[in-house]
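**Q** build the 3D model from these lines:
(one chain, ligands or ions: 1)
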Amino acid sequence: MNSFQAVSGMLDIKPTNQELDAAIYTGLQAKEDEDADDVKPPPTTLVSSLDPVASVAEDPPLTPQQEEVLQRILRGENFFFTGSAGTGKSVLLRAIVKAFKMRHFEARQAVEQQRNQIVQDYLAGKLDNLKAVDENKVEKWHLAITASTGMAAVNIGGCTLHSWAGIGLGQLPVTRVR
Ligand SMILES: Nc1ncnc2c1ncn2[C@@H]1O[C@H](COP(=O)(O)OP(=O)(O)OP(=O)(O)O)[C@@H](O)[C@H]1O
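**A** Predicted structure coming up:
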């Protein structure tokens, strides 16, 4: 069974651990919400309790299928994951966000270690001059966590696609949309 078949063959399952193994997820497909444009982004203090990385601490370990999707995304594949309600999409998405944040954190840490090593070598007389660390080796990326409605966005610690794109309520003329 290929991934696509696995994805399409798991509709209407309940979110038990065993059935989650047979399930894959609907990325950012959100429930219908006609008032989505009216939903304001929640204040930062509220969002903190919904922080996707903080939530991962309480999330269960990924199922093999969730883990496979995570690994493939980390390898750079474009991945559309889908499934009916309660099949573990949000749990997986939070794990993806955490993995990217960890990757960035580790890259920054490596730079700091190199920098410390240079200073130590210089102080120990092993280097004539302090040299700069090549920060270009730090992976640079932008992570946008978006959903099509405000409620769906809150659930994943993101924002609406409209908000992220600067469209807001869509009341400004096109020329003024950033
Ligand atoms: N790997 C897992 N092991 C055990 N439980 C899990 C796992 N993944 C998800 N669950 C549980 O299944 C339930 C549904 O998960 P989640 O909210 O991620 O589903 P969803 O597909 O995003 O749902 P919806 O489409 O309704 O937003 C939650 O209670 C979650 O903790």
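
**Q** from here on, just use CA atoms for contacts and neighbour counts.
**A** Noted.

**Q** break this protein down into its domains, please.
**A** With the TED database as the criterion, the domains of the chain are listed as 89-139, 144-177.

**Q** tell me the secondary structure at the closest residue in space to residue 121 that isn't next to it in sequence.
**A** Taking Cα to Cα, 6 or more residues apart in numbering, and ignoring the residues beside it in sequence, residue 121 has residue 127 as its nearest neighbour in space, at 5.8 Å. For residue 127, the secondary structure call by DSSP: H, G, I helix; E, B strand; the rest coil comes out as coil.

**Q** single out the most deeply packed of the domains of the chain.
**A** Between the domains of the chain, the one whose residues have the most neighbours on average, counting mean count of other Cα atoms under 10 Å, is domain 144-177 (a mean of 17).

**Q** residue 96 reaches residue 67, doesn't it?
**A** No: the pair formed by residue 96 and residue 67 falls short of the contact definition of Cα atoms under 8 Å, at 9.5 Å.

**Q** where's residue 167 relative to residue 161, distance?
**A** Separation of residue 167 from residue 161 (Cα to Cα, to the nearest Å): 8 Å.

**Q** select the longest helix from this protein.
**A** Scanning the chain for the helix with the most residues, using DSSP state H, yields helix 89-123.

**Q** any part of it near the ligand?
**A** Yes: looking at helix 89-123 against the ligand by Cα under 6 Å from any ligand atom, the contacts come from 89, 90, 91.

**Q** test my guess that the last one contacts residue 58.
**A** In other words, residue 91. No: Residue 91 is beyond contact range of residue 58, at 9.8 Å (criterion: Cα under 8 Å).

**Q** quick one on the thing from earlier: got CSV for the domains of the chain, with mean pLDDT and distance to residue 81 too?
**A** What follows is the domains of the chain, written out as CSV (pLDDT from 0 to 100; distance: least, Cα to Cα, whole Å):
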stretch, mean pLDDT, distance to residue 81
domain 89-139, 84, 8
domain 144-177, 84, 14
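
**Q** save these as a markdown table, and put in distance to residue 63 too.
**A** Supplementary listing: the domains of the chain in a markdown table, determined by distance: least, Cα to Cα, whole Å:
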| stretch | distance to residue 63 |
| --- | --- |
| domain 89-139 | 9 |
| domain 144-177 | 19 |
